[in-house]
Structure formats: C-alpha cells, structure tokens
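Asks: heads up, no residue letters with this:
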C-alpha cells in the first residue's frame, strides 16, 4: 500500500510535483498517465526514495520513505526507464547481484529465477552478457532482476518503450498477471496498454493530480470514445 | 563488513577482471615497477638503501595507478544509468561507498602482493629484516587506502571517467607533494607548535616515517582517520548526486 500526502517537489523554479495526494491499495495495476514533463518519472523517483520530497510524505506499507527508507524499500522494486543493467555482467550474474542485494537465500533465488526466466522467456540468454542483448531482452532482464525477490510493490517506468508488438504483448500479459496478487504502478504513453492492463488510472499534469479513476469511468466521465481521447481532452493545453 | 557491503565489494572487484580494466591496470603497474627496478632505483645492487628507494618509488607509482583503479567506481553508475537503480535498493549509502572503496583498495593490495615476491627474493640476497619489508608493504597499503578514498570521492563527484582520472591524479600529486614547511617559511612562522602541526598533517611524511622504520600508532591513526573522513565526504557526495 502506498500513501502519498501533500507531496511537493521543485527543481529550481519548476514545480515538478505540486501538492499531490494519492492512495494506492494492494493488488491493483495502476497506470500513471500524463504528457511529457508532467512529473510521472519524478513521482516514481520520489516513491522509491531516489529524490527527497520538499514537502509532504510518502508511506510504503506504513514506512516513511525518507525516515525509514530501508524498511520502505524492502518489498518494493523499481525498473527505471533507461539503463538498469550492467553491460559487462551476464544475465545470470546480474540477477544474482540483484538477489544478493535483497539478501535472498540460494534456494529461493534458484526457485524464483527458474520461474521468472520461464515467465519472461529469458532462459535462452541466461549466460549471455547484458551488453549483447536486444532491447526486448534487456527490458525483460531488467524486470526479472527487479522481481527476483517477488516484491509486493513494483514500479515500472515505461516498461514497453521501444519494444516490438509481440514483446509488448508478452510483457503486458506478465504485468497483468503479476498485478493480480501485487501492486504494480506503470508509467506509460501508450493508451492501449492502459486499457489492456490497468485497473486504475492516475492522470497528472504539471505535477498536479488531474484525475484518479478507473479506465472505464475516465472514458465515461469525459464523454470520450476511448482513453486516448479522454487523455487528450484532459491534458490538451488551451 | 555488512552483507550489502560485501555484495557491492564482490561486484566491483570482479568487475575489474570482467572488463579489461583490471588486466590493463595490472599490466601498467608491472611495467612501472620494472622501470622503477631497472631505471628508477639501483635495485639490482641489492643493498638496504635500494630497498628503501624501491618503496619510495611505490609511492609515485601508486599515485599514477590509483586514479585509474577508482575512476569508474561511480562514473560508470552515472554513464550506465544504474545509479537510479542502485539508490532505489534497500541498502544504505554507506554500504555502497564502503563496498566500492574496499574493492578498489583490495585491487591495489593485489598489485602490492604481486611485487612482494621480488622484494622477498632480493631480501634473501642481502641481510634485510623481512619484518621491515612487511612494515613497508603495510605503509604502502595504508597510503593506497588513503589515495583510494580520495579518488573514489572524486569519482562520485564527477560524471566522466576521464575527468575523474585527471582530477584524481592532480589531487593525489598535490596532496602528496604539498610541503607545509614552505608555506610556513614564506609566512615567516617559526612557532614550534604550528610547525609540529604542519608535520602532523603532511601526507607524505607519514609514509616516509613508515618506510624508514619509524612506524607508530600516530601514522596508522593518521591514515585510518583520513580514510574515514574522506569516505564520509564520499557518502555526502552520493547523497548530493541523488538530490
């Protein structure tokens, strides 16, 4: 469970996040939407403690991310938009490193690796160096590394960016499935992804909350035909 | 060493040999040691003095090598966009800083071990106290630790490996060659206490004390407190980079 109260973050004179209040419960897939520069990545970085808020607080499973960072992040995983892999490491070494950072036992690491490698279809590249992987595999390996300890809360920044349609389909299916028993927050620009995966939509613009509802209600309340139209009607600058 | 520190240490130390950097550093170090043996000192004449000269040369060699060892410690996290990933793990920043520092220090220790055979072999030929050689190695190790801490902090403050290397190199040379007595003479300060304090803070003086056999708790305390203080700055630098 994630509780965000009166959150503010400013960079210079730009308000990236402006008095944001959100509560995300367990077992839901939440799509974080907003135009470029709306504050989605900043919000995600604030949630995982990479940035410190100027004002307000974030509680992950009742632990404050600033005061109690280590406990708050114990059951949380984050996959940034770019990077997240060490090129010179093999896939196995990378996932093992992530498991070691989470203090996993050898047995649970092996069990989780076997099931994740199958679910994400990375078995064939397990001994390959990360730098030699295609973009689709890199993304899947980054997700596998983040999920190796089976966290209850997962934050994914544009998880399907730059992937081909088949790879997008496969990752969406995986996220949807994972969200049945855990909380997943994804940031995306792809509206079909929202329709395919999200139980809930949080739309922000200029760091402010525009709406927090289900995809169906978003379409209905804006009298739109689909989410893309609803998104445009709520974020289009006059 | 905490589990997280050990995990980071293992990843960084193995990383030297996963890429070509570790082997390249080993090669350059071997080359510089050979130059020191055949040209820089009169090592082959096998006297106690030449042994001391050899350890003095180690100081100069480490000044060149350690910036290369540490230059990628933090800049690579920046270049590969993995800093965000690392800082979103449930690990304290001090664990990350110590893990990376110990990896760099361990590699410099390996370099020193690689030339130990040469010294002990020569010690058989001349009547040199082997305990003295060990103390000299300990001095080199302490000094390399202090240099690793400075260079690691510079790596955390910069974004490119080459920038980190150049700034680290300049800083190490400045730090080791700085002679406070010149400043005191220019400022016409002859106060005994101030002169004593300036000697206490002299980086190279402590190293020279150790390799000339005058090792004391003060020398060890100087390097250990220096390392701890600089690593504290490294933690602050990472926190600054995060914000």
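Replies: Thanks, I have it. Because the structure is a prediction, the values reported are computed rather than measured.
Asks: bridging residues for the residue nearest the centre of chain A?
Replies: By Cα atoms, centre = their mean, chain A has its centre lying nearest to residue A:156, at 1.9 Å. When assigned by DSSP bridges, residue A:156 has beta-bridge partners residue A:79, residue A:186.
Asks: does it really touch residue A:182, like I thought?
Replies: No - judged on Cβ atoms under 8 Å, residue A:156 makes no contact with residue A:182 at a distance of 11.8 Å. (Each C-beta comes from the backbone N, C-alpha and C, glycine too.)
Asks: Flag every residue of chain A that's near chain B.
Replies: Residues of chain A lying near chain B by Cβ under 8 Å from any Cβ of the partner chain: A:45, A:48-52, A:69-74, A:76, A:78-80, A:82-89, A:97, A:100-103.
Asks: Go through the helix or strand bottoming out on mean pLDDT in chain A and flag the buried ones.
Replies: Here the helix or strand of chain A ranked lowest by mean pLDDT, DSSP states H and E is helix A:227-235, holding a mean of 81. Judged by neighbour count (16 or more other Cβ atoms under 10 Å in any protein chain shown), helix A:227-235 contains these buried residues: A:227, A:230, A:231, A:234, A:235.
Asks: Which neighbouring elements make contact with it?
Replies: In terms of contacts (3 or more Cβ pairs under 8 Å, 6 or more residues apart in numbering or on different chains; DSSP states H and E), helix A:227-235 is packed against helix A:191-197, strand A:200-205, strand A:208-213, helix A:215-221.
Asks: Please identify the most buried of those.
Replies: Most buried of these, by mean neighbour count (mean count of other Cβ atoms under 10 Å in any protein chain shown): strand A:200-205, with a mean of 22.
Asks: Just want the angle from that one to helix A:227-235.
Replies: Counting by axes from the mean of the first three to the mean of the last three Cα atoms, to 10 degrees, strand A:200-205 lies at 40 degrees to helix A:227-235.
Asks: Skipping its backbone neighbours, what lies nearest residue B:106 in space?
Replies: Excluding the flanking residues, the one nearest residue B:106 by Cβ to Cβ, 6 or more residues apart in numbering or on different chains is residue B:13, at 5.7 Å.
Asks: is it true that residue B:230 touches residue B:150?
Replies: Yes - Residue B:230 is within contact range of residue B:150, at 5.5 Å (criterion: Cβ under 8 Å).
Asks: Compare these two (neighbour count), which wins?
Replies: residue B:150 (24 against 20; other Cβ atoms under 10 Å in any protein chain shown).
Asks: Which of the three states applies to residue A:32?
Replies: State at residue A:32, reduced to three classes by DSSP: H, G, I helix; E, B strand; the rest coil: strand.
Asks: With residue A:21 instead?
Replies: Going by three-state DSSP: residue A:21 is strand.
Asks: tell me the pLDDT at it?
Replies: Residue A:21 is assigned 91 on the pLDDT scale.
Asks: Residue B:201 too?
Replies: Reported pLDDT for residue B:201: 69.
Asks: all strands for chain A, in order.
Replies: Using DSSP state E, the strands of chain A run over residues A:2-11, A:14-24, A:29-33, A:55-60, A:63-64, A:76-79, A:153-157, A:183-187, A:200-205, A:208-213.
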